[in-house]
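In: Predicted model, plus sequence, below.
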2 protein chains.
Amino acid sequence: VKKIIKPTILRGTRDFLPQQMACRNQVMDIIKSTFEQFGYASIETPILSPADTILGKYGEEGDQLAYSFTDRGGRRIALPYDLTVPFARYMAANYRELPIPFKRYQIQRVWRAERPQKGRLREFYQCDVDIIGSDSLLCEAEIAKIIVTVFDRLKISNVKIKINSRRLLNDILSFFGVLEDKVLPAIRLIDKLEKIGEDSVIDELNKIGVKNAREIIETLKPGNNNIITLNKLNKFNVDDINNFLGLSKQLSVPDENILIDPTLARGLDYYTGLVFEVIAPGSDLGAICAGGRYDNLCSLFSDQDFSGIGVAFGFERIMMLIEKDKLFDNSASNSKVLVTIFDNDQVYNALSVYNNLINVGIPAEIYMGTDKLAKQLKFADKKGIPFVVIQGPEEIEREEIIIRRMDTGLQKVLSKDQLVSYMRGYYEAK
Amino acid sequence: VKKIIKPTILRGTRDFLPQQMACRNQVMDIIKSTFEQFGYASIETPILSPADTILGKYGEEGDQLAYSFTDRGGRRIALPYDLTVPFARYMAANYRELPIPFKRYQIQRVWRAERPQKGRLREFYQCDVDIIGSDSLLCEAEIAKIIVTVFDRLKISNVKIKINSRRLLNDILSFFGVLEDKVLPAIRLIDKLEKIGEDSVIDELNKIGVKNAREIIETLKPGNNNIITLNKLNKFNVDDINNFLGLSKQLSVPDENILIDPTLARGLDYYTGLVFEVIAPGSDLGAICAGGRYDNLCSLFSDQDFSGIGVAFGFERIMMLIEKDKLFDNSASNSKVLVTIFDNDQVYNALSVYNNLINVGIPAEIYMGTDKLAKQLKFADKKGIPFVVIQGPEEIEREEIIIRRMDTGLQKVLSKDQLVSYMRGYYEAK
């Protein structure tokens, strides 16, 4: 008896079917081409990595987060947890050969050691875009422009870019007498506002010795619009937020896409300047893009320090939005026409019709066999191919072909020579 | 003292710099778009895989070849060794949802456990293209057409597609009295002809009990051209080779790209029909593409059997050829123009010039800071950006800009409004 291996995959990893890939590839191409239009260069870093170069930043905690193991050669290996730490290592190793400020994008899989569950994958894609080696707020403005351009091209409209400033938060906390060693713990608690609610955050703040917790939270709450929020904060340092707004306006980033939110604490013990978090209104997916300004990205790996800013687009969450709203075509084939084969005697004729199409660059297929015509038409249908060419002995004699539109079933007789220009007309009109 | 982690990567893995990526992405795009033009659908399979789904085919040997380990959850994991076995598992798991015959391509990284050395990487890309679920020789002809189309578009000319037939080889061996149980061992020895030479192969054949070894080798040697080879073999079964040649001719695959080589034994204990191996004349890289017809791809994973044919393009070897012959552009940026910033007072003006370019889709950059102009020009030079925009206070007053060609250093004054159409003219002419 033959032993059959179960064709399983690990939980939290995925097989992608052609329709899914067609949609994913379109989205990825839009993201890539936008990054490239703004002058960002593509880089790649290894997947198999020495564990310390991946876990470094996360220290003790790292082993719980990153997918790590000892290989058969006894090496401690980890797979990238995100694209930020591999990029920091890459900069430390390669900065001498790079144009500084360096603008890079990177689209790769990353791995999490977490137990897989709904919306939590073990293996998934991230799309990062960063400028490193410049501390100008121009960078922040450009990143905002890229965010609105990407989501506009992805047909995800009205995204809100929440922003906050580390400097502003420090200023507010220090005004209310929070001591320096309590600033980071306080920020981490403020980060939990949405999750555990105002009262619990205030309790927790009190517990770590922060007085005036309620006043702090009241001060941090954004107003109904950015102008109200800025007015409310006018005694604090909002210079970088104001400068950022001015620069973004020059890049025609719409005001209504930006939302100043002083409670946004996202990773602020890691980031050192402005932070961003993008949400799609009406969706409960959480952030679909996030990041900020960091000053010491490479310090783990080098004495050389670079200030930079970057965001990661959450590719899988973006795909969930797009698939839910069916924003992109997902036909399983790129082909515009299937050349059928009438019977064994007509193979050469069919090949010659097919060859004429392919040689001028029209995406086409020939049916790989001599099954019944009905089966060949069903194949075209399953792949979403819009046209089919049929050529029986009579058509061959008259040097003609029948072209059938799969959506309407309408058929038309063309001379063999007309087919290319007919398909080209259709193809170029799209 | 701060502890610095060395920014190292594992031997046999690589960081890719922007220039390398620019070139790799161009090559990958050509390969992908050709596959898509012929109606092949993109799929992806997981990287982290249950070890038995990767090692299955290789059995005992597998653990030596594939990169495998036990993860922290005690699971036996392996990383894909090639894209063929993951595809077999994918077919077994998903065939009910796929159009059959199924045409797929897959471009992903694979891993080898071998000790890394020159030309032997631990982590690299493969590009596979397969048709599965049809036993028609049309498939073989189309694969040959795809091979010549891809290499033509990659500017790698005069490739030779060596072909052989499992049926022919069986026929010849049986004619010379090789018993059935010696056929596979004999084929494996014939495979070593180039490596160990004729005399050693004959010795080895004798040792395993194959008589007539010298006559077999003489019979297998190809003639000076395909017609001579076919004449020499006219008493053996060359039907599938002849049919293949006829079908390929209909697809205008040039005769001179095909070389019948009856000694080609490549993987013939795995393949069941025609086999292919592509070499670039004048290169010592060996096969840059290879594959063949298989009948039992999925039998490891399913009772369902499919006949299929496919080839893998050796992406890394192809890149070695292309980089050696400098066949593609490798500038580190896609940007056509850098907008410089004269000084701090001119930031908004520069942003507005930049915004006009970006909003109409011209790949452009703005310099992220107010360094000296010389430094900004050097940056454009390092990134290979062909044009630079300069705008001092005088130009701003006159609503003009200076456009500088980086290759010649020639400068020209344009009105601010003319810039977009000037750049568009350049950009669209390319």
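Out: Nice, thanks for sending it over. Note that the structure is a prediction, hence the values are computed from the model and not measured.
In: Please enumerate residues in contact with the helix or strand hosting residue A:413?
Out: Taking DSSP states H and E as the definition, one finds residue A:413 inside strand A:411-415. The contact list for strand A:411-415, computed with Cβ atoms under 8 Å, 6 or more residues apart in numbering or on different chains, reads A:390, A:395, A:399, A:400, A:401, A:402, A:403, A:404, A:405, A:422. To be clear about C-beta, it is placed using only N, CA and C from the backbone, and glycine gets the same treatment.
In: so the fifth one sits in a strand?
Out: Yes. Secondary structure of residue A:401, determined by DSSP: H, G, I helix; E, B strand; the rest coil: located in a strand.
In: what pairs with it across the strands?
Out: residue A:414 (DSSP bridges).
In: Also the first one?
Out: Residue A:390 forms beta bridges with residue A:402, as assigned by DSSP bridges.
In: List the buried residues of stretch A:69-81.
Out: Judged by neighbour count (16 or more other Cβ atoms under 10 Å in any protein chain shown), stretch A:69-81 contains these buried residues: A:69, A:77, A:78, A:79, A:80, A:81.
In: Where helices are concerned, which of the residues you listed count?
Out: Judged by DSSP state H, the buried residues of stretch A:69-81 include no members of helices.
In: in chain A, which residue is closest to the centre?
Out: residue A:315 (3.0 Å; Cα atoms, centre = their mean).
In: show me what contacts it?
Out: A:27, A:28, A:31, A:107, A:124, A:125, A:126, A:127.
In: Filter these down to just the ones in helices.
Out: Reading helices off those with DSSP H, I get A:27, A:28, A:31.
In: just to revisit the earlier point, of all the contacts of strand A:411-415, which two lie farthest apart?
Out: With Cβ to Cβ as the measure, no two of the contacts of strand A:411-415 lie farther apart than A:399 and A:405, at 21.7 Å.
In: What about residue A:235, how many residues nearby?
Out: By the criterion of other Cβ atoms under 10 Å in any protein chain shown, residue A:235 has 10 neighbours.
In: nearest residue to it other than its sequence neighbours?
Out: Residue nearest to residue A:235 in three dimensions, not counting chain neighbours: residue A:175, with 7.8 Å by Cβ to Cβ, 6 or more residues apart in numbering or on different chains.
In: and stretch A:22-36 with chain B, contact?
Out: Yes. Using Cβ under 8 Å from any Cβ of the partner chain, stretch A:22-36 reaches chain B at A:22, A:25, A:36.
In: Only the buried residues of that stretch, if you could.
Out: A:22-28, A:30-32, A:34-36.
In: And for stretch A:113-126?
Out: Buried-residue list, stretch A:113-126, by 16+ other Cβ under 10 Å: A:113, A:121, A:122, A:123, A:124, A:125, A:126.
In: Report the two of those residues separated the most.
Out: Pairwise over these, using Cβ to Cβ, the maximum falls at A:113 and A:125, 17.3 Å.
In: show me what contacts residue A:68?
Out: A:51, A:54, A:55, A:62, A:76, A:77, A:78, A:79, A:113, B:72.
In: which one of those sits closest to residue A:234?
Out: residue A:62 (41.9 Å).
In: hang on, the earlier thing: now do the phi/psi pair for the residue nearest to residue A:235.
Out: phi -60, psi -40 (degrees, to the nearest 10).
In: wait, isn't it in contact with residue A:220?
Out: No. Using Cβ atoms under 8 Å, residue A:175 makes no contact with residue A:220, being 11.6 Å away.
In: can you list the residues of the stretch 251-400 of chain A near chain B?
Out: A:251-252, A:299-303, A:332-335, A:338, A:347-348, A:351-352, A:354-355, A:358-359, A:361-366, A:368-370, A:379, A:382-383, A:385.
In: Just the pLDDT for the residue nearest to residue A:235.
Out: In this model, residue A:175 is scored at 95, pLDDT.
In: can you count the residues close to it?
Out: Residues lying near residue A:175 (other Cβ under 10 Å) number 15.
In: Compute the distance between it and chain B, please.
Out: Residue A:175 sits at a distance of 30 Å from chain B (criterion: Cβ to the nearest Cβ, to the nearest Å).
In: Likewise for residue A:146?
Out: Residue A:146 is 10 Å from chain B, by Cβ to the nearest Cβ.
In: quick one: that residue and residue A:130 touch, right?
Out: No. The criterion here is Cβ under 8 Å, and residue A:146 misses it with residue A:130 at 10.9 Å.
In: neighbour count winner among these two?
Out: residue A:130 (28 against 24).
In: Surely that one is within a strand?
Out: Yes. Under three-state DSSP, residue A:130 sits within a strand.
In: In this structure it contacts residue A:98, no?
Out: No. Here residue A:130 does not reach residue A:98: they are 12.0 Å apart, not a contact under Cβ under 8 Å.
In: so does stretch A:116-125 get close to chain B?
Out: Yes. Shown here: stretch A:116-125 in contact with chain B (Cβ under 8 Å from any Cβ) through A:122, A:123.
In: what residues does that stretch touch?
Out: A:10-14, A:28, A:67, A:107-114, A:315-316, B:46-48.
In: Poorly predicted segments of the stretch 251-400 of chain A, please.
Out: Along the stretch 251-400 of chain A, the model assigns pLDDT under 70 to residues A:267-269, A:330, A:332.
In: hey, where'd the helices end up in it?
Out: Assigned by DSSP state H, counting those that start in this stretch, the helices in the stretch 251-400 of chain A fall at A:315-324, A:347-359, A:373-383, A:393-397.
In: Go through these and pick out the most buried.
Out: Comparing the helices of the stretch 251-400 of chain A by mean neighbour count (mean count of other Cβ atoms under 10 Å in any protein chain shown), helix A:347-359 ranks first with a mean of 21.
In: Could you dump the contacts of residue A:315 into TSV and include distance to residue A:183 and pLDDT?
Out: As requested, those are exported to TSV (distance: Cβ to Cβ, whole Å; pLDDT from 0 to 100):
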residue	distance to residue A:183	pLDDT
A:27	39	95
A:28	39	96
A:31	35	97
A:107	35	97
A:124	33	96
A:125	34	96
A:126	29	95
A:127	32	97
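In: Please identify which of the residues you listed is nearest to residue A:156.
Out: residue A:27 (10.1 Å).
In: which bits of the stretch 101-250 of chain A sit near chain B?
Out: A:101, A:103-104, A:109, A:111, A:113, A:122-123, A:131, A:134-136, A:138-139, A:141-142, A:145, A:246-247, A:250.
In: thinking again about what came up before, which one of the buried residues of stretch A:22-36 is nearest to chain B?
Out: Checking the buried residues of stretch A:22-36 against chain B by Cβ to the nearest Cβ gives residue A:36 as the nearest, at 4.5 Å.
In: now the closest one: how far from residue B:22?
Out: 10 Å (Cβ to Cβ, to the nearest Å).
In: Need the overlap of contacts for those two.
Out: In contact with both residue A:36 and residue B:22: A:42, B:334, using Cβ under 8 Å, 6+ apart.
In: what distance separates whichever helix or strand comes after the strand holding residue A:413 from the centre of its chain?
Out: As assigned by DSSP H and E, the chain's next helix or strand after strand A:411-415 is helix A:418-429. Centre-to-centre, helix A:418-429 and its host chain are 35 Å apart (Cα atoms, centre = their mean, to the nearest Å).
In: same for helix A:418-429, what does it pack against?
Out: Identification of packing neighbours for helix A:418-429 by 3 or more Cβ pairs under 8 Å, 6 or more residues apart in numbering or on different chains; DSSP states H and E yields helix A:347-359, strand A:387-390, strand A:400-405.
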